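Engineer: I would like to see how this sequence folds:
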Amino acid sequence: QVQLVESGGGLVQPGGSLRLSCAASGSIFSISYMGWYRQAPGKQRELVAGIRRTGSTDYADNVKGRFTIALDIVKNTVFLHMNSLKPEDTAVYYCNALVRTFPGSITDDQYWGQGTQVTVFS
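Structural biologist: Numbers count the residues shown, from 1 in each chain. Okay, the predicted model is just below:
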């Protein structure tokens, strides 16, 4: 089993910054992908940013240029640096990981964190 523990959420004013962290632990052979999703009240969960083991990244259009995702593959930890935050960034942010749990595995298992609240208010 794999656990994802998130930290770094909180309250911030518009234009402010926050850094989210997500550490993966447990039965990890290798991590293929880690990402951040968010879900605002009444809305569907959406991808914010993702990063592959290779280092390639994906960003939602509405966070490009403001958010940066980074992966420490040695520590199995992903970071989301959020700058120029807007009220519409308010949501619960969830960490996601695709993990191979044993050598020889040909598929990834998907795991989710519990979520961390980010609130941007005037």
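Engineer: count of neighbours near Asn83?
Structural biologist: 14 (other Cβ atoms under 10 Å). In this view, the C-beta of every residue, glycine as well, is placed from N, C-alpha and C.
Engineer: What helix or strand is the residue nearest the centre of the chain located in?
Structural biologist: By Cα atoms, centre = their mean, the mean C-alpha position of the chain lies nearest to Trp36, the distance being 2.5 Å. In this structure, Trp36 sits in strand 30-39 according to DSSP states H and E.
Engineer: For the residue lying farthest from the centre of the chain, which three-state class applies?
Structural biologist: Most distant residue from the mean C-alpha position of the chain: Gly104, 26.4 Å away (Cα atoms, centre = their mean). With DSSP: H, G, I helix; E, B strand; the rest coil as the basis, Gly104 sits in coil.
Engineer: And Ser84, by the same measure?
Structural biologist: Secondary structure of Ser84, per three-state DSSP, is coil.
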